[in-house]
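Peer 1: sequence first, predicted coordinates after that:
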Amino acid sequence: MRFISSLLAAASAKVFFSEDFSDGWENRWVESDWKKSEGSKGTFELSTVKFDTGAKGLMTKEDSRHFTISASFDSFSNKGKTLVVQYAANYQKEIECGGAYVKLGPKMADATAFGDPTVYNIMFGPDKCGYTKRTHLIFANNGKNHLKKSDLAYKQDHDGTTHLYRLVVKPDNTVTVSVNEKEVYSGSLKADWEILPPKEIDDPEDKKPSDWVNEPMMDDPEDKKPADWVEEAKIVDKSAKKPDDWDEEEDGEWEAPMIDNPDYKGAWKVKRIANPEYKGVWAPKKIANPNFKDDDELYAFDDFSFIGFDLWQVKGNTIFNHILIGDDVSEAVEAAKKVMELRDKELKMKEEATKKQAEESTKTEEAAKDSTADVEEEGEDENDL
């Protein structure tokens with residue numbers, strides 16, 4: 001019976017879109033003209049990854065450009081079912097400032113106008129600019145784009161190896177994010193995004209009492225400035241004498257110069273002590289929000305019809321591939337096996353390249369030392385002569 005159930009589940013699983021950028025990919029994707037008039041539109045090309053395992057993908061070609069491209073598919077709604085989004089990104093070089101995320105949204109009237117103003121449902125993937133870096137995860141709701149309250153970890157390296165991203169959104173409003181088959185987040189749309197209004201709000205009728213003391217510290221009434229406390233930083237130099245050649249008609253009235261006061265103790269300040277009347281930070285009491293309305297379908301969107309890359313990159317050469325949109329996690333996990341095998345090969349090739357580079361560097365250093373030693377030996381022979 002369990003075997004039959006598994007077969008039925010596998011049969012009902014659906015892949016809404018997949019892309020490996022094989023032959024004919026140009027017919028499936030439309031490059032946008034957004035930013036073209038400004039001269040900052042970048043281009044895409046099919047390229048092999050740095051550590052050549054035979055894998056290819058769609059690459060952002062230039063530096064300091066906007067890259068916009070999208071692919072459409074048959075419209076579907078994720079209402080009542082799981083949504084799985086998976087894709088791979090490979091930074092061939094340091095991005096410096098830019099993203100490698102995807103956008104998924106409803107049907108567009110014109111794909112050649114796709115860009116930043118285009119309405120989308122979900123934005124997901126790595127984003128970095130300077131010290132600010134995160135894995136973006138934004139959900140649209142009622143015309144607003146909602147960022148996660150706290151940023152997801154940034155897991156994308158610029159080491160020339162492939163990184164696999166997976167987003168899973170379930171009908172119970174839970175969300176899971178994995179990078180390279182390791183879970184980096186699992187939580188709730190209701191708890192971790194400010195999409196719903198708060199259940200409670202401050203009571204507008206509650207006012208702070210007039211005698212409320214919210215100063216935790218106060219001046220010590222017992223503390224008095226000592227009688228011998230000296231606050232004058234400068235004093236007249238009593239040892240100074242008017243110069244014999246001082247002419248008051250020409251030079252004006254002579255005044256002795258000021259010098260640092262050796263008895264100066266600084267500005268006196270009364271000691272601070274805990275305020276016995278302190279009642280704490282006042283806050284109005286909470287009441288039920290009359291505008292709160294729960295929504296058990298935050299996860300659901302009526303229409304998914306496109307996936308696209310809408311990116312600004314200071315450094316290009318990011319390669320994308322292995323895109324999958326479906327409703328079954330096991331399908332994505334199975335597809336991920338091939339990607340992770342490629343990643344393992346890349347990591348091995350990277351390790352070998354690093355080792356080879358270190359060996360060549362050592363040989364160069366040893367050759368330089370031998371050359372220096374030969375020169376010194378020749379010098380000594382000449383001196384002997």
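Peer 2: Great, that's in hand. Residues are numbered from 1 along each chain as shown.
Peer 1: strands of the stretch 1-150 of the chain, start to end?
Peer 2: For the stretch 1-150 of the chain, the strands defined by DSSP state E, counting those that start in this stretch occupy 15-19, 29-31, 44-48, 56-60, 65-76, 83-91, 97-99, 102-105, 122-129, 132-141, 144-147.
Peer 1: so what touches the second one?
Peer 2: I take that to be strand 29-31. For strand 29-31, contacts defined as Cβ atoms under 8 Å, 6 or more residues apart in numbering pick out T43, F44, L58, T68, I69, S70, A71, S72, A111, T112, F114. Every C-beta, even on glycine, is put in place using the N, C-alpha and C of the backbone.
Peer 1: K170: which of the strands of the stretch 1-150 of the chain is closest?
Peer 2: strand 83-91 (8.0 Å; Cβ to Cβ).
Peer 1: that closest one pairs with which strands, parallel or anti?
Peer 2: The pairing partners recorded for strand 83-91 under DSSP bridges are strand 163-169 (antiparallel), strand 318-326 (antiparallel).
Peer 1: outside of the first one, which residues touch it?
Peer 2: Yep, that's strand 163-169 we're talking about. With contacts defined as Cβ under 8 Å, 6+ apart, strand 163-169 is touched by 78, 82-90, 122, 124-126, 135, 137, 155-157, 175-181, 189, 299, 322, 329, 332, 336, 339-340, 343.
Peer 1: equivalent analysis for stretch 197-213, please.
Peer 2: 275, 277-279, 282-289, 291-293.
Peer 1: one more: stretch 185-192?
Peer 2: For stretch 185-192, contacts defined as Cβ under 8 Å, 6+ apart pick out 137, 139, 148-150, 152-153, 169, 173-177, 195-196, 298-299.
Peer 1: tell me the angle the helix or strand hosting E331 makes with strand 318-326.
Peer 2: According to DSSP states H and E, E331 maps onto helix 329-384. On the basis of axes from the mean of the first three to the mean of the last three Cα atoms, to 10 degrees, helix 329-384 is oriented at 160 degrees to strand 318-326.
Peer 1: which elements pack onto helix 329-384?
Peer 2: When contacts are defined as 3 or more Cβ pairs under 8 Å, 6 or more residues apart in numbering; DSSP states H and E, helix 329-384 packs onto strand 83-91, strand 163-169, strand 318-326.
Peer 1: export those strands to JSON lines and tack on mean neighbour count, mean pLDDT and distance to W246?
Peer 2: Shown next, in JSON lines, are those (neighbours: other Cβ atoms under 10 Å; pLDDT from 0 to 100; distance: least, Cβ to Cβ, whole Å):
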{"stretch": "strand 83-91", "mean neighbour count": "25", "mean pLDDT": "96", "distance to W246": "77"}
{"stretch": "strand 163-169", "mean neighbour count": "22", "mean pLDDT": "97", "distance to W246": "82"}
{"stretch": "strand 318-326", "mean neighbour count": "23", "mean pLDDT": "96", "distance to W246": "79"}
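Peer 1: quick one: which of those is nearest E352?
Peer 2: By Cβ to Cβ (comparing all of these), the closest turns out to be strand 83-91, at 17.9 Å.
Peer 1: tell me the angle of that closest one relative to strand 15-19?
Peer 2: If you take the same axes, to 10 degrees, strand 83-91 sits at 10 degrees to strand 15-19.
Peer 1: what angle do strand 83-91 and strand 44-48 make?
Peer 2: Going by the same axes, to 10 degrees, strand 83-91 makes 70 degrees with strand 44-48.
Peer 1: off-centre distance for strand 83-91?
Peer 2: 17 Å (Cα atoms, centre = their mean, to the nearest Å).
Peer 1: picking that back up, for PyMOL, what selects the buried ones among the contacts of strand 29-31?
Peer 2: The buried residues among the contacts of strand 29-31 can be selected in PyMOL (16 or more other Cβ atoms under 10 Å) with this line:
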select buried, resi 44+58+68+69+70+71+72+111+114
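Peer 1: residue ranges in the stretch 1-150 of the chain under the pLDDT threshold?
Peer 2: Residue ranges of the stretch 1-150 of the chain with pLDDT under 70: 1-11.
Peer 1: the stretch 251-385 of the chain too?
Peer 2: Scanning the stretch 251-385 of the chain for pLDDT under 70 picks out the ranges 370, 372-385.
Peer 1: can we see that at 80?
Peer 2: Across the stretch 251-385 of the chain, the ranges flagged by pLDDT under 80 are 353, 356-385.
Peer 1: give the contact list for H66.
Peer 2: W34, K35, S40, K41, G42, G115, D310, L311, W312.
Peer 1: now with 10 Å?
Peer 2: Counting by Cβ atoms under 10 Å, 6 or more residues apart in numbering, H66 touches 32, 34-36, 38, 40-42, 60, 98, 115-116, 310-313.
Peer 1: could you find the closest non-adjacent residue to it?
Peer 2: In this structure, H66 finds its nearest non-sequential neighbour in K35, 4.2 Å apart by Cβ to Cβ, 6 or more residues apart in numbering.
Peer 1: surely the one you found is in contact with S64?
Peer 2: No: between K35 and S64 there is no contact, the gap being 11.6 Å when judged by Cβ atoms under 10 Å.
Peer 1: between the two, which contacts overlap?
Peer 2: Shared contacts of K35 and S64 (Cβ under 10 Å, 6+ apart): G42, W312.
Peer 1: for these two, indicate the residue with more neighbours.
Peer 2: K35 (17 against 14; other Cβ atoms under 10 Å).
Peer 1: circling back to that earlier point, now distance to D251 too, for the contacts of strand 29-31, in CSV please.
Peer 2: Shown next, in CSV, are these (distance: Cβ to Cβ, whole Å):
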residue, distance to D251
T43, 79
F44, 81
L58, 84
T68, 77
I69, 82
S70, 84
A71, 88
S72, 90
A111, 86
T112, 83
F114, 81
